[in-house]
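*Asks:* here's my sequence, what's the structure:
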Amino acid sequence: MAEKKQKRYFRITKSERASVERELNKRKPSARGAARDLGRSPASISDEVKRNRTIAKGPGKGERVDQVPEDACARLQAWPWTCNGCQHRRYSCGKALRCEYSAARAQALADNLLSEARRGVNAKEYDFERTMTLIRSDVARGLSPAQIAYGHAEEFKVHPTTIYRWIANGYAGMSNAELRRKVGYRPRRKSAEAKPTSHGPGRSYETFSALPEEERAQTCEMDCVIGLSSDAQCMLTLYLRPCKIQACLLLPEKSSSAVAAALDMLETALGKETFRRLFGLILTDNGAEFSDADALERSALPGRRTRCRVYYCDVRQSQQKGGCERNHVELRKLLPKNRGISFNNLKSQDMAVLMSQLNSEPRPSLMGLSPLAMLRAADPVTAEGLADALGIEEIPYERLNLKVSAINQDREARGLPPLI
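*Replies:* Residues are numbered from 1 along each chain as shown. Now for the predicted structure:
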């Protein structure tokens with residue numbers, strides 16, 4: 001004997017509600033007739049009208065009718081549940097409560113009911129509290145929602161957008177003010193026309209752009225970061241495009257000779273092959289500290305003439321090395337502006353702590369890997385050589401701290417005063 005096929009029930013659609021409204025507007029509406037036309041049961045039609053009828057007149061007009069008083073009209077206490085087809089509806093009705101069924105309002109009420117059923121968090125209270133505790137502690141360490149999602153992928157599977165929404169909704173007492181980049185941006189200025197670099201066409205950005213794409217993908221972007229205007233010391237940053245690693249070297253002064261000396265030190269520590277592999281093609285801006293291109297390219301090792309090729313961005317077009325500029329945002333998490341931090345107080349060990357934190361944070365653009373982990377996966381020997389030369393250590397996610405307190409804690413352990 002064949003099994004009886006189970007009947008499937010679907011939600012009432014907007015067009016079906018319009019059909020129900022037309023039936024109710026008749027002088028003698030029939031639930032059976034409407035049900036027969038729509039292929040539904042009379043009980044479904046009756047429940048739909050009773051559930052989504054609204055107040056037709058007076059206070060609360062348009063709101064859902066929850067309860068009907070005992071002295072209400074008999075039409076409101078049984079089918080058709082509304083005043084739609086009543087001949088006394090407009091003028092001669094003496095009842096205080098009048099109800100109507102509108103397909104548009106019924107659809108809005110049904111949609112709102114579905115929306116409310118899906119609001120909130122689909123998790124047990126204990127699990128959600130534990131998740132928010134982890135998120136709150138990570139935000140306090142300066143991590144972004146994307147980094148939190150990657151860092152806790154095995155503990156809870158939450159999209160970064162969901163974390164943003166939870167914070168915006170005020171869960172666990174949090175707010176958007178605790179997120180670094182959840183702010184408005186100034187209107188963009190119209191970019192000035194590109195001016196050719198003063199270093200000649202052979203080192204221009206146009207010449208750089210003409211290089212094969214494989215070479216440009218291996219570029220190192222170089223820049224200089226300053227502290228207070230009165231500081232003598234500054235910081236040379238070298239950003240490797242392929243793996244997003246950023247090296248930070250202290251300079252005793254902001255001059256071309258200091259930059260060349262820093263590159264000499266780096267070349268000597270890494271060796272010619274490793275240096276050429278990482279820093280063989282450099283793109284920088286037109287700052288005075290990078291003006292001596294020959295000194296930057298000249299090798300410090302015996303038997304070699306050049307160690308790299310240097311190209312320059314167009315004048316006032318820093319976006320041409322946007323990776324380095326963008327990564328400075330991460331750097332400023334540990335050395336924030338306008339906090340009175342003097343770069344004159346920085347030591348080489350502080351740079352090691354800075355680079356360790358900076359290159360250990362998971363990046364969404366690297367599928368959750370850190371820059372150091374990405375370089376190790378691509379070239380373990382080169383990664384170890386760079387880490388040894390600069391004192392970089394990979395910090396586990398649980399110990400990441402993208403705030404100035406990370407440097408201050410290390411300075412305290414070395415008996416030095418905090419930066420701020």
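*Asks:* ok now stretch 241-260, how far from the chain's centre?
*Replies:* Its chain's C-alpha centre and that of stretch 241-260 lie 29 Å apart, by Cα atoms, centre = their mean, to the nearest Å.
*Asks:* and the residue nearest to residue 290 when sequence neighbours are not counted, how many neighbours?
*Replies:* Excluding its sequence neighbours, the residue lying closest to residue 290 (Cβ to Cβ, 6 or more residues apart in numbering) is residue 284, at 4.8 Å. Where you see a C-beta, it was placed from the backbone N, CA and C, and this is true even at glycine. Residue 284 is flanked by 23 other residues according to other Cβ atoms under 10 Å.
*Asks:* pLDDT score for residue 284?
*Replies:* We have a pLDDT of 95 for residue 284.
*Asks:* beta partners of it?
*Replies:* residue 312 (DSSP bridges).
*Asks:* who's in contact with it?
*Replies:* Listed by Cβ atoms under 8 Å, 6 or more residues apart in numbering, the contact set of residue 284 reads 221, 222, 223, 290, 310, 311, 312, 313, 321.
*Asks:* so which of the residues you listed is the most crowded?
*Replies:* With neighbours defined as other Cβ under 10 Å, the most crowded of the contacts of residue 284 is residue 312; it has 27 neighbours.
*Asks:* go ahead and confirm that one touches residue 286.
*Replies:* Yes: the pair residue 312 and residue 286 passes the contact test of Cβ atoms under 8 Å, sitting 5.6 Å apart.
*Asks:* need the nearest residue in space to residue 149, chain neighbours excluded.
*Replies:* Closest to residue 149 by Cβ to Cβ, 6+ apart is residue 160, at 4.7 Å.
*Asks:* what's the burial count for the one you found?
*Replies:* 15.
*Asks:* what sits against it?
*Replies:* Residues in contact with residue 160, defined by Cβ under 8 Å, 6+ apart, are 144, 145, 146, 148, 149, 364.
*Asks:* one more time with 6 Å
*Replies:* Listed by Cβ atoms under 6 Å, 6 or more residues apart in numbering, the contact partners of residue 160 are 145, 146, 149.
*Asks:* now do residue 285
*Replies:* Applying Cβ under 6 Å, 6+ apart to residue 285 gives the contacts residue 313.
*Asks:* distance of it from residue 228?
*Replies:* For residue 285, the distance to residue 228 equals 21 Å [Cβ to Cβ, to the nearest Å].
*Asks:* how about residue 203?
*Replies:* For residue 203, the distance to residue 228 equals 32 Å [Cβ to Cβ].
*Asks:* these two: who's more crowded?
*Replies:* Using other Cβ under 10 Å as the criterion, residue 203 and residue 228 rank with residue 203 on top: 18 against 12.
*Asks:* so the more buried one touches residue 311, yeah?
*Replies:* Yes: the criterion here is Cβ atoms under 6 Å, and residue 203 meets it with residue 311 at 5.3 Å.
*Asks:* re the thing from before, what is the nearest of the contacts of residue 284 to residue 49?
*Replies:* The shortest gap between residue 49 and any of the contacts of residue 284 belongs to residue 321, at 66.7 Å (Cβ to Cβ).
*Asks:* could you look up the SS state of the spatially closest residue to that closest one that is not a sequence neighbour?
*Replies:* Residue nearest to residue 321 in three dimensions, not counting chain neighbours: residue 221, with 4.1 Å by Cβ to Cβ, 6+ apart. Secondary structure state of residue 221, per DSSP: H, G, I helix; E, B strand; the rest coil, is strand.
*Asks:* and residue 221, bridged to which residues?
*Replies:* Residues in beta-bridge contact with residue 221 (DSSP bridges): residue 239, residue 283.
*Asks:* tell me the contacts of it?
*Replies:* Residue 221 sits next to 239, 283, 321, 323, 324 when contact means Cβ under 6 Å, 6+ apart.
*Asks:* out of those, which end up buried?
*Replies:* Among these, the ones that count as buried by 16 or more other Cβ atoms under 10 Å are 239, 283, 321, 323, 324.
*Asks:* low-scoring stretches of the chain, by residue?
*Replies:* Low-confidence segments of the chain, defined by pLDDT under 70: 1-9, 181-198.
*Asks:* between the contacts of residue 221, which is nearest residue 382?
*Replies:* residue 239 (16.0 Å).
*Asks:* name the SS class of the residue nearest the centre of the chain, please.
*Replies:* Against the mean C-alpha coordinate of the chain, by Cα atoms, centre = their mean, the closest residue is residue 146 at 5.5 Å. Classification of residue 146 by three-state DSSP places it in helix.
*Asks:* is it true that it touches residue 362?
*Replies:* No: between residue 146 and residue 362 there is no contact under Cβ under 6 Å: 8.1 Å.
*Asks:* circling back: specify which member of the contacts of residue 160 is nearest to residue 169.
*Replies:* Ranked by distance to residue 169 (Cβ to Cβ), these are led by residue 145 at 13.3 Å.
*Asks:* quick one: the helices in the stretch 301-420 of the chain, in order.
*Replies:* In the stretch 301-420 of the chain, the helices defined using DSSP state H, counting those that start in this stretch lie at 322-334, 348-358, 371-378, 380-390, 404-413.
*Asks:* now these as TSV including distance to residue 122?
*Replies:* Below are the helices of the stretch 301-420 of the chain laid out as TSV (distance: least, Cβ to Cβ, whole Å):
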stretch	distance to residue 122
helix 322-334	32
helix 348-358	34
helix 371-378	32
helix 380-390	41
helix 404-413	35
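*Asks:* what's the burial count for the residue nearest to residue 305 when sequence neighbours are not counted?
*Replies:* Spatial nearest neighbour of residue 305, excluding adjacent residues (Cβ to Cβ, 6+ apart): residue 299 at 6.3 Å. Other residues within reach of residue 299, judged by other Cβ under 10 Å, total 18.
*Asks:* and residue 299, how far from residue 278?
*Replies:* For residue 299 relative to residue 278 (Cβ to Cβ), the value is 15 Å.
*Asks:* quick one, what contacts residue 101?
*Replies:* Shown in contact with residue 101 (Cβ under 6 Å, 6+ apart): 21, 24, 49, 53, 82, 84.
*Asks:* now the two most distant members of those residues.
*Replies:* 21 and 53 (10.8 Å).
*Asks:* so for the two, which residue has more residues nearby?
*Replies:* A count of neighbours by other Cβ under 10 Å puts residue 53 above the other of residue 21 and residue 53, at 25 against 21.
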